[in-house]
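**Student:** Provided below for reference: sequence and predicted model.
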Protein chains: 2
Amino acid sequence: MNILDSLKWRYASKRMNGQRVPSDKVETILEAIRLAPSSMGLQPYSVLVIKDEELKKQIRPIAMNQAQIEESSHLLVFAAWDNVTPEHIEEFIQHTASVRNMPAEALADFKNSLLQMAAGRTQEQNFNWAARQAYIAFGTALVAAAAEHVDATPMEGFDAAVLDELLNLKEKGLRSVTLMPLGYRDADNDWLAKLPKVRRQKEKLFLEA
Amino acid sequence: MNILDSLKWRYASKRMNGQRVPSDKVETILEAIRLAPSSMGLQPYSVLVIKDEELKKQIRPIAMNQAQIEESSHLLVFAAWDNVTPEHIEEFIQHTASVRNMPAEALADFKNSLLQMAAGRTQEQNFNWAARQAYIAFGTALVAAAAEHVDATPMEGFDAAVLDELLNLKEKGLRSVTLMPLGYRDADNDWLAKLPKVRRQKEKLFLEA
């Protein structure tokens, strides 16, 4: 199936049937997230992978009682760094030097530009920047799930502050930005499954410059 | 090629060779952007498709003089709505009703929830929300380009205010958020082409909850 067929097949399932997604498919989706690009390569976010039924049950009321939270196989929580710190940058530089088999000192200019970038922004600006990067990974995950014929519902409708508290994200320097239940559509009980996809017309979305 | 192979193949080309991307491949990438999901389905952004060499030449200095701007085949400018207005929502509702062959009145509750959502946020909050949605489409485009073996460089390093002025985006109610030159890598002249991809380790990026 090519990418356009995958994108046409997918939709934001409102009901899922509780069936487990095989672990090889989950691993593929997670690896796609890991390979997603980000500005400067920092990947300023983490993704929580939740399988525990009890925890999903606790999250459901925080997310407008949406059924897919519990009916999903795995619930992914995309959480962006709440700031970009010198420690983040140091870890990134050390890791880059290690992967590329070079001394960290060779990356001193790059490191300084990252430090300046982060210091030149408020904490909220750094968080907003990190959140945008998380959305690139989120988009990548949606395509990867569709390619695997796994349903994935993009979800912004939840109380981030309450979820962050439940998942102890604040102490990890993270703030939840979006959710993605993974599972299989329950088409018979999903009002949205039968409706045609609505997308803006080509001539409105794309502008010639 | 599966999605992971595509993601491993892609990288942020720093030099491109000027070769044209065939129009069917460009159309596939644009259609992937059009099919990308967004919160509430609003797709609160536009994408400018720039082929004109003179215009690319003018944009290059605005984007830290990055060579790919001129060496690309097509330059995509992702521009988010600078606000979410009642007119945007009305157009979306009318379009949804038309695609789903239902009276717009049947969508009155949905429309009101959208109006309340937009009115409950400042203009800047609406813009930031729109920008995040644009990043989902941006991530989708990166995967689609890789699947077509077209190079695509994610680019945030540009002066958005100056670019918006050049492209008259303000009067269209848009603000540029990110660029994506499409083309083909000039691997011989690209220092990054030979370096291994750096990504955060699985055990750091993913957290069990």
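**Tutor:** Looks like it came in fine.

**Student:** residue ranges of the strands in chain A, please?
**Tutor:** A:45-50, A:74-81, A:151-152, A:174-183, A:206-208 (DSSP state E).

**Student:** Please identify the most buried of the ones you listed.
**Tutor:** Counting by mean count of other Cβ atoms under 10 Å in any protein chain shown, strand A:151-152 has the highest mean neighbour count of the strands of chain A, with a mean of 29. To be clear about C-beta, it is placed using only N, CA and C from the backbone, and glycine gets the same treatment.

**Student:** That one - which strands sit beside it in the sheet, and in what orientation?
**Tutor:** The pairing partners recorded for strand A:151-152 under DSSP bridges are strand A:174-183 (antiparallel).

**Student:** Distance from the partner strand to the middle of the chain?
**Tutor:** A distance of 6 Å separates the centroid of the chain from that of strand A:174-183, by Cα atoms, centre = their mean, to the nearest Å.

**Student:** repeat for stretch A:21-35
**Tutor:** Between the centre of stretch A:21-35 and the centre of its chain there are 12 Å (Cα atoms, centre = their mean).

**Student:** For chain B, what's its nearest residue on chain A.
**Tutor:** Closest residue of chain A to chain B, Cβ to the nearest Cβ: A:Gly139 (2.7 Å).

**Student:** What's the separation between the nearest residue to that residue once chain neighbours are set aside and B:Ser13?
**Tutor:** With sequence-adjacent residues excluded and distances taken as Cβ to Cβ, 6 or more residues apart in numbering or on different chains, A:Gly139 is closest to B:Gly139, at 2.7 Å. Distance of B:Gly139 to B:Ser13, computed by Cβ to Cβ, to the nearest Å: 17 Å.

**Student:** With A:Arg10 instead?
**Tutor:** From A:Arg10 across to B:Ser13, the span is 28 Å (Cβ to Cβ).

**Student:** for the residue nearest to the spatial centre of chain A, what are its contacts?
**Tutor:** For chain A, the residue nearest the mean C-alpha position is A:Phe138 (3.5 Å; Cα atoms, centre = their mean). Counting by Cβ atoms under 8 Å, 6 or more residues apart in numbering or on different chains, A:Phe138 makes contact with A:78, A:154, A:178, A:180, B:135-136, B:139.

**Student:** now with 7 Å?
**Tutor:** A:Phe138 makes contacts with A:78, A:154, A:178, A:180, B:136, B:139, as judged by Cβ atoms under 7 Å, 6 or more residues apart in numbering or on different chains.

**Student:** so which of these comes closest to A:Ile3?
**Tutor:** Nearest to A:Ile3 among those: B:Gly139, at 12.5 Å, using Cβ to Cβ.

**Student:** How many residues are close by that closest one?
**Tutor:** By other Cβ atoms under 10 Å in any protein chain shown, the residues close to B:Gly139 number 26.

**Student:** I figured it hits A:Leu142, correct?
**Tutor:** No. With contacts counted by Cβ atoms under 7 Å, B:Gly139 stays clear of A:Leu142, the gap being 8.0 Å.

**Student:** rewinding a little: now mean pLDDT too, for the strands of chain A, in TSV please.
**Tutor:** Formatted as TSV, the strands of chain A follow (pLDDT from 0 to 100):
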stretch	mean pLDDT
strand A:45-50	98
strand A:74-81	98
strand A:151-152	98
strand A:174-183	98
strand A:206-208	93
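
**Student:** Please identify the buried residues of stretch A:142-161?
**Tutor:** For stretch A:142-161, a neighbour-count test (16 or more other Cβ atoms under 10 Å in any protein chain shown) marks A:142-148, A:150-155, A:158, A:160 as buried.

**Student:** Straight-line length of that stretch, end to end?
**Tutor:** 24 Å (Cα to Cα, to the nearest Å).

**Student:** Kindly report the same for stretch A:66-76.
**Tutor:** 14 Å.

**Student:** hmm, it touching chain B?
**Tutor:** No. Judged by Cβ under 7 Å from any Cβ of the partner chain, stretch A:66-76 stays clear of chain B, getting no closer than 8.7 Å.

**Student:** relative to strand A:174-183, how tilted is the longest helix belonging to chain A?
**Tutor:** Ranked by residue count under DSSP state H, the longest helix found in chain A is helix A:123-147. Put simply, helix A:123-147 runs at 10 degrees to strand A:174-183, going by axes from the mean of the first three to the mean of the last three Cα atoms, to 10 degrees.

**Student:** Tell me which stretches of chain A form helices.
**Tutor:** Ranges of helices in chain A, per DSSP H, are A:3-9, A:23-35, A:53-59, A:68-71, A:86-99, A:108-119, A:123-147, A:160-166, A:202-205.
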